[in-house]
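Asks: kindly return the folded structure for what I paste below:
(chains A, B, C and D)
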Number of protein chains: 2
Amino acid sequence: MARKRITPGKIRLTEVAKLAGVSPITASRFFRNPEALSVGKRARVESAAKELGYVPNLAARALASQRTEVIGVLIPSLTNNVFADVLRGIYDALDGSRYSIQLANTRYSILLEERLLRLFLAQKPAGLIVTGINQTPDSRSIMETVDCPIVQIMEIGPSPVDMMIGFSHFDAAKAAISHLLAQGYRRIGFLGARMDPRVQRRLDGYRFAMTEAGLFDLRLIVTTAIPTSVTLGGTLFADLLAKAPDIDAVFCVNDDLALGALFECKRRHMAVPEQMAIVGFNDLEFMASSEPTLSSVRTNRYEMGRNAAMMVLETLDGRRPTEPVVDLGFSVMERQSSTRRN
Amino acid sequence: MARKRITPGKIRLTEVAKLAGVSPITASRFFRNPEALSVGKRARVESAAKELGYVPNLAARALASQRTEVIGVLIPSLTNNVFADVLRGIYDALDGSRYSIQLANTRYSILLEERLLRLFLAQKPAGLIVTGINQTPDSRSIMETVDCPIVQIMEIGPSPVDMMIGFSHFDAAKAAISHLLAQGYRRIGFLGARMDPRVQRRLDGYRFAMTEAGLFDLRLIVTTAIPTSVTLGGTLFADLLAKAPDIDAVFCVNDDLALGALFECKRRHMAVPEQMAIVGFNDLEFMASSEPTLSSVRTNRYEMGRNAAMMVLETLDGRRPTEPVVDLGFSVMERQSSTRRN
DNA sequence: CAACCGTTTGGTAGCGCTGTCAATAATTCT
DNA sequence: AGAATTATTGACAGCGCTACCAAACGGTTG
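Replies: Here you go, the predicted model:
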């Protein structure tokens, strides 16, 4: 027959309880809801735990309580600077809380996202942060039936699964184009890579603004499914120039492309912004210190991550945010690269 | 007295076993070591699991088996591009394996690292990946007593806790300086930010090479504890020029600083590489496509992460790597920014 | 003084799985 | 063929914690 599995010096809740002179369940409560204890016992358990160096066994807790203290995060890429900032925000917000993060990379595939979602939810996460609003129908219905807080990040849309924080990529791109138009640029090219849903919506914003100004021209648009890079920015910009040599400005869907375009201009001895204006997207740190400084659309990525995590925490705390959909907005940073020196 | 906690439609291992007509423990074995089952039962359990959509309860597994399938990763920064690449390698290597990743940010503090280490180890991780070789003495002894595979990444040194993968930052910096010397540069400045232990060792390499060449001069060195950025690169480079206006080259401890220095040169209309050579470190993607292209020291960050994770996996598999210390090396990428056009 | 109420504490069982050992079936060996 | 292995399978208990219910306690009230 089976034996007693001995666990030699390990400190369990029982040990703490014994030292504190209370029952295990009371000790347990101390770690979950100290308020529920009388002041005396609270102090006794606290000092006992400290003395023994007790660390709760999360697996046992999860098994007994049927829930975990893990917040699942689904993002499409680990490479992208944008998500690095978002993640930093999430980690910072959860730092010091009892929740930890389980990260998974959907690689821009909503099918993979769905699979990861099922995996996550099977472990009963405390909360969930997912990227974007384009999930598979199955993903959506799974998320709707699950009863943990869910925040969709990066963009906003009409029907949140639960909560949502982001900004309008359409409006942001439109604003960038408006800025270029206001500066007197007319033949404004579009450079896009990866073309995920959010980039697609930036293209829509570009198209809308250009059409409205009566300046839309398909030849001004160069896109690719290849992941973005600075090098690619140079290549795409060269393609664009080949297709439309008369352009006087280019809007890039991210800053890497913009930097690549800038370098390509330098290589061709094209003056920026005199002969060519450049506007990027995201406003990464380097945009403000390049030569010339590069215009971009600032998006509040760190805040997005931070707030998303805080929205989850608040909901778990029973203090559900009054506004389930938060528009973090954007701002067009007008710098040298798109400012006509009149 | 306590009641039966009913769990309505939930699919447990028992259900799968029942459907498959085997005992629960046999079904359990199917998920952990299918080879151990006879072909018939294996197929029966497999189809039963699929039919019921069974997903194992990881908390129960962890509690019963006294170990988790989590690999802890301790890195000093989430912002730094370098770690993004390393992480990507780790995630890629673990993708498809049954292990998941628990990430924590030490914020370049070895005290915080020690605290996080204790937290991690209390949950009995399957493996551990930690950054660098400068842990607190307590951290070291904790790691030495624990019996899971541990890989130290980013650099190599004489006494691994367990395994190690990285390269010599000293040699890498030395090689960069040798390259500049070979190109005929003599007054070579040093730009350093953050100054974590690895950056410190790059400074040591610089100092060694310069001293050996009889060219060492304290005025050539500008460092700060501030986290790195492109903007900071410009600022530090300006500081350096103020201290030592006669420099003809600058070695930057990372590529962001190098890019910042390049922009600052442009702003001052200093010709690169004719009046000023620039060499960076890490060889981020943009270095090869800037104008001029920027020299750098290529480090194999993705491979480092990937291999580190694979070393953990192999050890867990019982196939311990023959070589516990892996030197991934580096290569000096000689580009326009440091090539005298004779 | 009994009845009542809210707060604090404890007893019991069980969360879903696997470690250990033993039993049985299938093979191989002498 | 019988013994000795080896490959499969199963029984049982328990991993460390918490949900649920009940009891004890302290204070009021009529």
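
Asks: what's near enough to touch the residue most central in space within chain A?
Replies: Centroid-nearest residue in chain A, with C-alpha atoms, centre = their mean: A:V86, separated by 4.1 Å. Taking C-beta atoms under 8 Å, 6 or more residues apart in numbering or on different chains as the criterion, A:V86 is in contact with A:I75, A:I153, A:M154, A:R301, A:Y302, A:M304, A:G305, A:A308. (C-beta placed from N, C-alpha, C; glycine too.)

Asks: how does it look with 10 Å?
Replies: A:73, A:75, A:80, A:129, A:131, A:153-154, A:299-306, A:308-309 (C-beta atoms under 10 Å, 6 or more residues apart in numbering or on different chains).

Asks: was I right about A:M163 contacting A:L313?
Replies: No - A:M163 is beyond contact range of A:L313, at 11.7 Å (criterion: C-beta atoms under 10 Å).

Asks: name the residues contacting each of the two.
Replies: A:G127, A:P149.

Asks: picking that back up, so of the contacts of A:V86, which ones are in strands?
Replies: Assigned to strands by DSSP state E, the following of these qualify: A:V73, A:I75, A:I129, A:T131, A:I153, A:M154, A:T299.

Asks: would a markdown table of those residues with distance to A:T235 be doable?
Replies: Shown next, in a markdown table, are those (distance: C-beta to C-beta, whole Å):
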| residue | distance to A:T235 |
| --- | --- |
| A:V73 | 32 |
| A:I75 | 26 |
| A:I129 | 34 |
| A:T131 | 27 |
| A:I153 | 30 |
| A:M154 | 26 |
| A:T299 | 25 |
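
Asks: taking those together, which two end up most distant?
Replies: Using C-beta to C-beta, the ones in strands among the contacts of A:V86 reach their maximum pairwise distance at A:V73 and A:T299, which is 18.2 Å.

Asks: these two: which is more packed in?
Replies: A:V73 (29 against 24; other C-beta atoms under 10 Å in any protein chain shown).

Asks: let me know the pLDDT of that one.
Replies: For A:V73, the pLDDT comes out at 97.

Asks: coming back round to it: could you look up the SS state of the residue nearest to the centre of chain A?
Replies: Following DSSP: H, G, I helix; E, B strand; the rest coil, the label given to A:V86 is helix.

Asks: how about the contacts made by the nearest residue to it once chain neighbours are set aside?
Replies: Leaving aside its chain neighbours, A:V86 sits nearest to A:G305 (3.8 Å; criterion: C-beta to C-beta, 6 or more residues apart in numbering or on different chains). Counting by C-beta under 10 Å, 6+ apart, A:G305 touches A:73, A:75, A:83-94, A:129, A:151, A:153-154, A:165.

Asks: so which of the contacts of A:V86 reach DNA strand D?
Replies: When the contacts of A:V86 are filtered against DNA strand D using C-beta under 7 Å from any atom of the strand, no residues are retained.

Asks: how about the strands in the stretch 1-150 of chain A?
Replies: A:70-75, A:100-105, A:127-131, A:150-155 (DSSP state E, counting those that start in this stretch).

Asks: so after the last one, what's the next helix or strand?
Replies: If you walk from strand A:150-155 toward the C-terminus, the next helix or strand you reach (DSSP states H and E) is strand A:163-167.

Asks: next one: that next one to chain centre, how far?
Replies: Centroid separation for strand A:163-167 versus its chain: 10 Å, with C-alpha atoms, centre = their mean, to the nearest Å.

Asks: same for it, what does it pack against?
Replies: strand A:127-131, strand A:150-155, strand A:296-299, helix A:301-316, strand A:325-327 (3 or more C-beta pairs under 10 Å, 6 or more residues apart in numbering or on different chains; DSSP states H and E).

Asks: now do the shortest one: which elements does it pack against?
Replies: Contacting strand A:325-327 under the criterion 3+ C-beta pairs under 10 Å, 6+ apart are the following elements: strand A:150-155, strand A:163-167, helix A:301-316.

Asks: direction included, what does the helix or strand following it pair up with?
Replies: Counting by DSSP H and E, the next helix or strand C-terminal to strand A:325-327 is strand A:330-333. Next to strand A:330-333 in the sheet, as set by DSSP bridges, lie strand A:296-299 (antiparallel).

Asks: domains for chain A, by residue range?
Replies: Domain ranges of chain A: A:13-54, A:70-167+A:301-329, A:169-299+A:332-338, per automatic domain parsing.

Asks: TSV for those, including distance to DNA strand C?
Replies: What follows is the domains of chain A, written out as TSV (distance: least, C-beta to the nearest atom of the strand, whole Å):
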stretch	distance to DNA strand C
domain A:13-54	3
domain A:70-167+A:301-329	10
domain A:169-299+A:332-338	36
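
Asks: so where's chain A uncertain?
Replies: Counting by pLDDT under 70, the ranges of chain A that qualify are A:1-9, A:341-342.

Asks: picking up where we left off before, among the contacts of A:V86, which ones are buried?
Replies: Among the contacts of A:V86, the ones that count as buried by 16 or more other C-beta atoms under 10 Å in any protein chain shown are A:73, A:75, A:80, A:129, A:131, A:153-154, A:299-306, A:308-309.

Asks: residues of the stretch 51-200 of chain A that sit close to DNA strand D?
Replies: A:Y54, A:P56, A:N57, A:A60, A:R61, A:L63, A:A64, A:S65, A:Q66.

Asks: among these, which are located in helices?
Replies: A:A60, A:R61, A:L63, A:A64, A:S65 (DSSP state H).

Asks: nearest residue to A:M210 other than its sequence neighbours?
Replies: The shortest distance from A:M210 to any non-neighbouring residue, by C-beta to C-beta, 6+ apart, is to A:F216 (4.1 Å).

Asks: check for me that the one you found belongs to a helix.
Replies: No - the assignment for A:F216 by three-state DSSP gives coil, which leaves it out of any helix.

Asks: what is the neighbour count of it?
Replies: A:F216: 15 neighbours (other C-beta under 10 Å).

Asks: could you do A:G96 as well?
Replies: Neighbours of A:G96 under the rule other C-beta under 10 Å: 7.

Asks: again, but for the one 10 residues further on
Replies: A:T106 has 21 neighbours, counted by other C-beta under 10 Å.

Asks: distance of it relative to chain B?
Replies: A:T106 sits 12 Å away from chain B, going by C-beta to the nearest C-beta, to the nearest Å.

Asks: next up, the contacts around that residue.
Replies: A:74-77, A:112-117, A:130-132, A:135.

Asks: state the helix or strand in which A:F263 lies.
Replies: Following DSSP H and E, one finds A:F263 within helix A:255-267.

Asks: residues touching the residue lying closest to A:G260 once chain neighbours are set aside, list them.
Replies: Among residues not flanking A:G260 along the chain, A:G233 sits closest, at 2.1 Å (C-beta to C-beta, 6+ apart). Shown in contact with A:G233 (C-beta under 10 Å, 6+ apart): A:191, A:193, A:250, A:252-264, A:278, A:280, B:286, B:289.

Asks: so how far is the one helix or strand A:G233 maps to from its chain's centroid?
Replies: When elements are assigned from DSSP H and E, A:G233 belongs to helix A:230-243. Taking the mean of its C-alpha atoms, helix A:230-243 sits 28 Å from the chain's own mean (C-alpha atoms, centre = their mean).

Asks: what comes up buried for it?
Replies: By neighbour count on 16+ other C-beta under 10 Å, the buried set for helix A:230-243 is A:V230, A:T231, A:L232, A:G233, A:G234, A:T235, A:L236, A:F237, A:A238, A:L240, A:L241.

Asks: do the same with stretch A:206-223
Replies: In stretch A:206-223, the ones that count as buried by 16+ other C-beta under 10 Å are A:Y206, A:R207, A:F208, A:A209, A:M210, A:L220, A:I221, A:V222, A:T223.

Asks: following whichever strand or helix holds the fourth one, which helix or strand comes up?
Replies: With elements delineated by DSSP H and E, A:A209 resides in helix A:197-212, which encompasses its position. Using DSSP H and E, the next helix or strand after helix A:197-212 towards the C-terminus is strand A:221-223.
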